[in-house]
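[1] One predicted model, sequence on top.
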Amino acid sequence: MSKAERPSRSRAGKQATVPAGDGTGEGAGNRTGEGEGAGDRAGLGSARLAVRKTYKLYIGGAFPRSESGRSYAVASSRGDFLANASRASRKDARDAVTAARKAFGGWSGATAYNRGQVLYRVAEMLEGRRAQFVAELAEAGTRKAGEVVDAAVDRLVWYAGWSDKIAAVAGSSNPVAGPYFNISTPEPTGVVAVVAPDEPLLGLVSVIAPVIVTGNTCVVVASERAPLPSITLAEVLATSDLPGGVVNILTGSAAEIAPWLAAHMDVNALDLTGVTDEGLSVACEEAAAENLKRVFRPAVAIDWSADPGTRRLTAFLETKTVWHPTGV
């Protein structure tokens, strides 16, 4: 054999480490270090072992595991195992509130136009990952998943358009009996804790977008049944222009996390849209009364495909009224 025909020592060593296995070739690509297609070159077939995704929390722009180390199995609508998702704890909820409070000053201080631009960028990024969202929604049992993803993108664009208009709609110039200007203007409430509905994308987007476009920051408890689209949305947020901490997403049990958020003294408002248990709703409302949190709790079931109106935009705004003498 000539020198040109003789395999190099490094390549021969690589091939020698590949086990014969059972003919499936699973893991061969990783073991040889030659990436996709390595299984074919080693003569082990085209099948490969998929890289299972680890679904973590989204806090302060990062993706930490739950400090408790807990997770739970997520199943498809057919009962098939999909992945393990982190089960957030009370400590994770506190960390998320801290991150949301830290981000509030910069986000609320940004111009309304800038917040609208950021929301539009999120819509662009979400549409760029449309296929992944469609697949995850289909696994969760969502019918017409493609239409739902398109509706979620449109909903983000719709709220982005309201960013620099809601102040004109919600504010006013008030007539008074005296030589004064009397002007009412809306301002963001602060940190909003949101229990998201079980509709894992359109409902999730519909509760997050109005909170942040008006200058608030939020801590969101995602759907326990179908949390995967929520973490994929977190990846979209992390790779858009949204500052870390503006949106924080926790996966796990709403029954466990929501009461702690409702009682947290640094949370200014509470959205109980996703709470279906009457006892839990009442307990959260009672806890929220300790520091006079605003509480938004829809009285009827919501059709997420319908026109959302401005109700959610104004639900988490405070009105400030100023007086100024005329002729000065």
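    Ah, there it is. Numbers count the residues shown, from 1 in each chain.

[2] how about low-confidence regions in this structure?
    Scanning the chain with the threshold set as pLDDT under 70 gives 1-45.

[3] which residues are in contact with the longest helix seen in it?
    What stands out as the longest helix in the chain, according to DSSP state H, is helix 90-109. Counting by Cβ atoms under 8 Å, 6 or more residues apart in numbering, helix 90-109 makes contact with 57, 59-61, 64, 66-68, 115, 187-188, 190-191, 193, 212, 215-219, 243-246, 248, 250, 256-257, 260-261, 264, 266-267, all of which sit outside it. To be clear about C-beta, it is placed using only N, CA and C from the backbone, and glycine gets the same treatment.

[4] need the strands for the stretch 201-328 of the chain, in chain order.
    Listed in chain order, the strands of the stretch 201-328 of the chain (DSSP state E, counting those that start in this stretch) span 217-221, 247-250, 269-271, 294-296, 317-325.

[5] export those to TSV and tack on distance to Ala288 and mean neighbour count?
    Listed next are the strands of the stretch 201-328 of the chain as TSV, based on distance: least, Cβ to Cβ, whole Å; neighbours: other Cβ atoms under 10 Å:
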stretch	distance to Ala288	mean neighbour count
strand 217-221	14	28
strand 247-250	18	28
strand 269-271	5	25
strand 294-296	5	17
strand 317-325	16	12
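
[6] got those strands as a markdown table, with distance to Ala135 columns?
    Shown next, in a markdown table, are the strands of the stretch 201-328 of the chain (distance: least, Cβ to Cβ, whole Å):
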| stretch | distance to Ala135 |
| --- | --- |
| strand 217-221 | 22 |
| strand 247-250 | 19 |
| strand 269-271 | 28 |
| strand 294-296 | 32 |
| strand 317-325 | 37 |
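
[7] just to revisit the earlier point, show me which of the contacts of helix 90-109 are buried.
    For those, a burial check counting by 16 or more other Cβ atoms under 10 Å picks out 57, 59-61, 66, 115, 188, 190-191, 193, 212, 215-219, 243-246, 248, 250, 257, 260-261, 264, 267.

[8] out of those residues, which are inside helices?
    Going by DSSP H, the helices hold 115, 212, 257, 260-261 from these.

[9] right, and the pair among the residues you listed with maximum separation?
    Arg115 and Trp260 (28.3 Å; Cβ to Cβ).

[10] Leaving out sequence neighbours, find the closest residue to Arg130.
    Nearest residue to Arg130, sequence neighbours excluded (Cβ to Cβ, 6 or more residues apart in numbering): Val149, at 5.3 Å.

[11] Packing partners of the helix or strand that neighbour falls within?
    Take DSSP states H and E as the rule and Val149 turns out to sit in helix 145-162. On a contact count with 3 or more Cβ pairs under 8 Å, 6 or more residues apart in numbering; DSSP states H and E, helix 145-162 meets helix 112-128, helix 130-139, helix 202-213.

[12] Which stretch among the ones you listed approaches Glu278 most closely?
    helix 202-213 (19.6 Å).

[13] For the closest one, which helices and strands make contact with it?
    Helix 202-213 packs on helix 112-128, helix 145-162, strand 191-195, strand 217-221, helix 228-238, helix 311-315, going by 3+ Cβ pairs under 8 Å, 6+ apart.

[14] List the pairing partners of the third one within its sheet, with orientation.
    For strand 191-195, sheet partners with direction are given as strand 217-221 (parallel), strand 269-271 (parallel), following DSSP bridges.

[15] Now distance to Leu119 too, for those, in JSON lines please.
    JSON lines is the format used below for these (distance: least, Cβ to Cβ, whole Å):
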{"stretch": "strand 217-221", "distance to Leu119": "13"}
{"stretch": "strand 269-271", "distance to Leu119": "18"}
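
[16] Looking at those, which is nearest to Val322?
    Val322 lies closest to strand 269-271 among the strands paired with strand 191-195, at 22.6 Å (Cβ to Cβ).
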